[in-house]
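Asks: Requesting a structural model of the entry that follows:
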Amino acid sequence: MNATRGELKARAKEAIKGNIGMYFVCTLIVTAITGVCAAIPVVGSIGSIFLGGPFALGMVYVVYTVLRGEKIDIGAQLFGGFQRFWDAVACYWLQSIFIALWSLLFVIPGIVKSFSYSMSFYILAENPEMSGKEAIDASKELMNGHKMELFMLCLSFIPWFLLTAVTCGIASIYVVPYVSTTIANFYLDIKGQTYVAPAQPEETFEV
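Replies: Residues are numbered from 1 along each chain as shown. Got it, this is the predicted structure:
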């Protein structure tokens with residue numbers, strides 16, 4: 001990793017200025033749709049199979065849009081994952097299956113593998129020609145030597161996760177985009193790449 005954790009976070013804070021509201025709308029849409037599906041018998045199970053992947057890919061498109069300093073287009077980015085429906089579904093479920101199988105060997109192997117596969121959707125988003133399985137394989141290769149770095153980065157957000165719990169989820173309006181964008185910066189950094197987002201007008205919401 002070339003940048004420090006502090007630098008990755010500083011980049012994320014700069015990028016999300018002016019975009020927190022749209023981030024929240026995107027998160028709310030995903031939560032509402034998946035929540036409604038989950039509440040309907042049978043449909044809930046089907047929804048979890050077919051919605052998780054495309055929405056995960058769509059949220060990566062949202063993060064990349066923010067890092068490029070562009071305005072979020074919900075239809076183009078958030079629902080853009082559905083344009084690669086089967087790749088996204090395969091990536092989501094293969095990750096889930098592999099992590100579950102490794103977890104059978106005790107918890108730690110499952111955690112390690114979750115970090116190995118963690119960049120799959122970022123890779124899938126940047127490589128339209130890749131399948132879900134190819135993106136997972138590429139993530140495993142990319143994360144060799146970087147899993148502990150990502151683990152430590154995630155640990156550094158514990159105070160923010162506690163704040164989210166204490167505020168009954170209200171702080172997540174800021175924490176979710178902050179964490180998501182920082183991890184995207186981590187992915188770009190270990191690739192030796194970065195998006196330089198121009199300054200955005202600040203919102204009145206502060207944490």
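Asks: how about the helix ranked longest in the chain: buried residues?
Replies: Taking DSSP state H as the criterion, the chain has its longest helix at helix 43-67. Across helix 43-67, burial judged by 16 or more other CB atoms under 10 Å covers 47, 50-67. No exception for glycine: its C-beta is placed from N, CA and C like everyone else's.
Asks: swap in stretch 133-144?
Replies: Glu134, Ala135, Ile136, Asp137, Ala138, Ser139, Lys140, Leu142, Met143.
Asks: can you map out the helices along the chain?
Replies: Under DSSP H, the chain gives helices at 5-16, 20-39, 43-67, 85-103, 107-116, 120-126, 132-142, 147-155, 158-166, 172-190.
Asks: Report the angle between the longest helix of the chain and helix 172-190.
Replies: On the basis of axes from the mean of the first three to the mean of the last three CA atoms, to 10 degrees, helix 43-67 is oriented at 70 degrees to helix 172-190.
Asks: what helices or strands is helix 43-67 leaning on?
Replies: helix 5-16, helix 20-39, helix 85-103, helix 120-126, helix 172-190 (3 or more CB pairs under 8 Å, 6 or more residues apart in numbering; DSSP states H and E).
Asks: Export the ones you listed to JSON lines and append columns for distance to Gly110 and mean pLDDT.
Replies: Compiled in JSON lines, the helices and strands packed on helix 43-67 are given as follows (distance: least, CB to CB, whole Å; pLDDT from 0 to 100):
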{"stretch": "helix 5-16", "distance to Gly110": "24", "mean pLDDT": "93"}
{"stretch": "helix 20-39", "distance to Gly110": "23", "mean pLDDT": "89"}
{"stretch": "helix 85-103", "distance to Gly110": "3", "mean pLDDT": "94"}
{"stretch": "helix 120-126", "distance to Gly110": "16", "mean pLDDT": "95"}
{"stretch": "helix 172-190", "distance to Gly110": "19", "mean pLDDT": "95"}
